[in-house]
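Asks: Give me the fold of what follows.
(4 chains)
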There are 4 protein chains.
Amino acid sequence: MSAEIESLKLKLREFAEERDWDQFHSPKNFSMAMIVECAELVEHFQWLTDEQSKNLSTETLDEVSLEMADIFIYLIRLADKLDVDLVKTAKRKMILNAEKYPIEKSKGLATKYNKL
Amino acid sequence: MSAEIESLKLKLREFAEERDWDQFHSPKNFSMAMIVECAELVEHFQWLTDEQSKNLSTETLDEVSLEMADIFIYLIRLADKLDVDLVKTAKRKMILNAEKYPIEKSKGLATKYNKL
Amino acid sequence: MSAEIESLKLKLREFAEERDWDQFHSPKNFSMAMIVECAELVEHFQWLTDEQSKNLSTETLDEVSLEMADIFIYLIRLADKLDVDLVKTAKRKMILNAEKYPIEKSKGLATKYNKL
Amino acid sequence: MSAEIESLKLKLREFAEERDWDQFHSPKNFSMAMIVECAELVEHFQWLTDEQSKNLSTETLDEVSLEMADIFIYLIRLADKLDVDLVKTAKRKMILNAEKYPIEKSKGLATKYNKL
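Replies: Here you go, the predicted model:
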């Protein structure tokens, strides 16, 4: 686990404990809260063209980055509750993805390409 | 930026470049891919009680952790494209949250409590 | 197609045309707008217990019903764009569901039961 | 309420009762199931251009229409549980939208235009 993520994890845990919020923080509820934040991210992009989404105004970029922070925060909280090491699991997933999408078969293809 | 996240970022960038996938990787499309992964997480919890979601089987926990890895991976990729520092922005968001949810007013209240 | 849905479809089409919004209304963008509305519905329920979600206040129920209307409206708009008959397709899906979930094998089981 | 939707509602109610599934069918859980279906719709469009999303293959259009049916089915089920009249509420929402987005101020503008 990254030291930076570990530090965020402990601060977020303290934040929830101080407010007596752990009673609401089941994995089920966290999955709901996370998708809500994710949708707030989607909302910023829903009527933009691809090109526009690559050239956000300073103001929109700031709002978008705060939505991303919300998703990251919930991800760290859920990982804490489920005792999941995010960095380690991401590395494992990247190995699985490399097997699932061999370069020669995946190159430039969106059609066969459903996931990262 | 955490060194661990920085390292994942570079590996993911290479992974996409090798497959010529950057043409699909607009911020708009990433927001869609991320919410799809988030929904796969939600799907694991949709019919479970709160208690069941806290006591996952080893197999389900493994599947859940891989969905979390997918969300984390897309979050890092989007942060790379938008030049957002996830750890720094999460710290900034936590300061905003502390102002928005003062302990004395938020303690134990789900009703006034809409977000983390 | 239901006459009521047909009537809503024509009014929504007129609404978009009057505002010159069809340029934004691709199926891709509609899928994003629909999931954003769906998340606003989820947001109402995210910290509630199952029981609380069955006993909404008059005010919350009104807000929830308007979110449902938003989803319904986007569903009708998307069906219009793709020339899909919602009622007919729902009937077809119910036949497929009956085959997928035979009563004797599905009774009372949430474990094998992933979808409706 | 449309007679067609009313008929679907009764059949769906029977389908759930026969399988003893009402124990899982809280409004909270339905909101989760609905967003999962919505994400399966989004998944079809996530790497497509706007133009491609308007020109789906027969096979993809069939899959997309069945995802739309799933969303419609859950919407009807939730409306049944909460005693919401979908058609009536959609009409009410359209009046609110007309007030919120007056033609002269909304014409051709995606920037101010966040929702339908």
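Asks: Can you pull the residues of chain A lying near chain D?
Replies: A:S31, A:M32, A:I35, A:E43, A:W47, A:L48, A:T49, A:D50, A:A110, A:Y113, A:N114 (Cβ under 8 Å from any Cβ of the partner chain). C-beta: built from backbone N, CA, C; applies to glycine.
Asks: Could you rerun that using 7 Å?
Replies: Neighbours of chain D within chain A, by Cβ under 7 Å from any Cβ of the partner chain: A:M32, A:I35, A:W47, A:A110, A:Y113.
Asks: Look at the residue located most distally from the centre of chain A and tell me its secondary structure.
Replies: Distance from the centre of chain A peaks at A:E104, with 28.6 Å (Cα atoms, centre = their mean). Secondary structure, DSSP: H, G, I helix; E, B strand; the rest coil: A:E104 is helix.
Asks: Pull the contacting residues for it.
Replies: Under the criterion of Cβ atoms under 7 Å, 6 or more residues apart in numbering or on different chains, A:E104 has no neighbours.
Asks: Tell me the spacing between the closest residue to A:F30 other than its chain neighbours and A:Q46.
Replies: Spatially, and ignoring its direct neighbours in sequence, A:F30 is nearest to A:L78 (4.4 Å; Cβ to Cβ, 6 or more residues apart in numbering or on different chains). The gap separating A:L78 from A:Q46 is 25 Å, by Cβ to Cβ, to the nearest Å.
Asks: Tell me what angle whatever helix or strand the residue nearest to A:F30 lives in forms with helix B:58-82.
Replies: If you go by DSSP states H and E, A:L78 is part of helix A:58-82. Here the directions of helix A:58-82 and helix B:58-82 differ by 160 degrees (axes from the mean of the first three to the mean of the last three Cα atoms, to 10 degrees).
Asks: Just the C-alpha atoms of stretch A:24-42, please, in PDB.
Replies: Output of stretch A:24-42 as PDB, limited to C-alpha atoms (Å, rounded to 0.1, in the frame of the first residue of the first chain):
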ATOM      1  CA  PHE A  24     -24.000   4.200   7.600                       C
ATOM      2  CA  HIS A  25     -20.700   3.000   6.000                       C
ATOM      3  CA  SER A  26     -21.500  -0.500   4.900                       C
ATOM      4  CA  PRO A  27     -19.800  -1.800   1.700                       C
ATOM      5  CA  LYS A  28     -23.300  -1.800   0.100                       C
ATOM      6  CA  ASN A  29     -23.900   1.900   0.900                       C
ATOM      7  CA  PHE A  30     -20.400   2.900  -0.200                       C
ATOM      8  CA  SER A  31     -20.900   1.300  -3.600                       C
ATOM      9  CA  MET A  32     -24.000   3.500  -3.900                       C
ATOM     10  CA  ALA A  33     -22.300   6.600  -2.800                       C
ATOM     11  CA  MET A  34     -19.400   5.900  -5.200                       C
ATOM     12  CA  ILE A  35     -21.600   5.500  -8.200                       C
ATOM     13  CA  VAL A  36     -23.400   8.700  -7.300                       C
ATOM     14  CA  GLU A  37     -20.100  10.600  -7.300                       C
ATOM     15  CA  CYS A  38     -19.200   8.900 -10.600                       C
ATOM     16  CA  ALA A  39     -22.400  10.100 -12.100                       C
ATOM     17  CA  GLU A  40     -21.600  13.700 -11.100                       C
ATOM     18  CA  LEU A  41     -18.400  13.200 -13.100                       C
ATOM     19  CA  VAL A  42     -20.400  11.900 -16.100                       C
END
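Asks: quick one, domains of chain A?
Replies: Structural domains assigned to chain A are A:3-84, A:86-116, following automatic domain parsing.
Asks: which one of those is the most hemmed in?
Replies: Burial of these is given as mean neighbour count (mean count of other Cβ atoms under 10 Å in any protein chain shown); domain A:3-84 ranks first at a mean of 20.
Asks: CA atoms of the lowest-mean-pLDDT helix or strand in chain A as PDB?
Replies: Across the helices and strands of chain A, mean pLDDT, DSSP states H and E gives its lowest value to helix A:103-106, namely a mean of 92. Written as PDB, here are the backbone C-alpha positions of helix A:103-106 (Å, rounded to 0.1, in the frame of the first residue of the first chain):
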ATOM      1  CA  ILE A 103      -1.100  -6.400 -28.100                       C
ATOM      2  CA  GLU A 104      -1.300  -8.100 -31.500                       C
ATOM      3  CA  LYS A 105      -5.000  -8.900 -31.200                       C
ATOM      4  CA  SER A 106      -6.100  -5.600 -29.600                       C
END
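Asks: how far does it sit from the chain's center?
Replies: 26 Å (Cα atoms, centre = their mean, to the nearest Å).
Asks: Please apply the same query to stretch A:82-91.
Replies: 13 Å.
Asks: Tell me if that stretch is near chain B.
Replies: Yes - using Cβ under 7 Å from any Cβ, stretch A:82-91 reaches chain B at A:L82, A:V84, A:L86, A:V87, A:T89, A:A90.
Asks: Secondary structure for these - can I get that in CSV?
Replies: Below are these laid out as CSV (three-state DSSP):
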residue, secondary structure
A:L82, helix
A:V84, coil
A:L86, helix
A:V87, helix
A:T89, helix
A:A90, helix
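Asks: wait, which of those residues is closest to C:A98?
Replies: Distance to C:A98 across the residues of stretch A:82-91 next to chain B (Cβ to Cβ) is lowest for A:L82, with 35.6 Å.
Asks: Assess the claim that that closest one and A:P27 are in contact.
Replies: Yes - counting by Cβ atoms under 7 Å, A:L82 touches A:P27, with 6.1 Å between them.
Asks: Okay, the residue nearest to A:F30 and chain C: tell me how far apart.
Replies: Counting by Cβ to the nearest Cβ, to the nearest Å, the gap from A:L78 to chain C is 13 Å.
Asks: got the contact list for that residue?
Replies: Residues counted as contacts of A:L78 (Cβ under 7 Å, 6+ apart) are A:P27, A:F30, A:M34, B:M68.
Asks: Now do the contacts for the residue of chain A at minimum distance from chain C.
Replies: Nearest residue of chain A to chain C, counting by Cβ to the nearest Cβ: A:A39, 3.1 Å away. By Cβ under 7 Å, 6+ apart, the contact set of A:A39 is B:I35, C:I35, C:V36, C:A39.
Asks: Take these and lay them out in TSV including pLDDT and secondary structure.
Replies: Output for the contacts of A:A39, formatted as TSV (pLDDT from 0 to 100; DSSP: H, G, I helix; E, B strand; the rest coil):
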residue	pLDDT	secondary structure
B:I35	98	helix
C:I35	98	helix
C:V36	98	helix
C:A39	98	helix
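Asks: Nearest to chain A among the residues you listed?
Replies: Closest approach between the contacts of A:A39 and chain A, by Cβ to the nearest Cβ: C:A39, at 3.1 Å.
Asks: ok so, going back, among the contacts of A:A39, which pair sits farthest apart?
Replies: Distance extremes for these: the farthest pair is B:I35 and C:V36 at 9.1 Å, using Cβ to Cβ.
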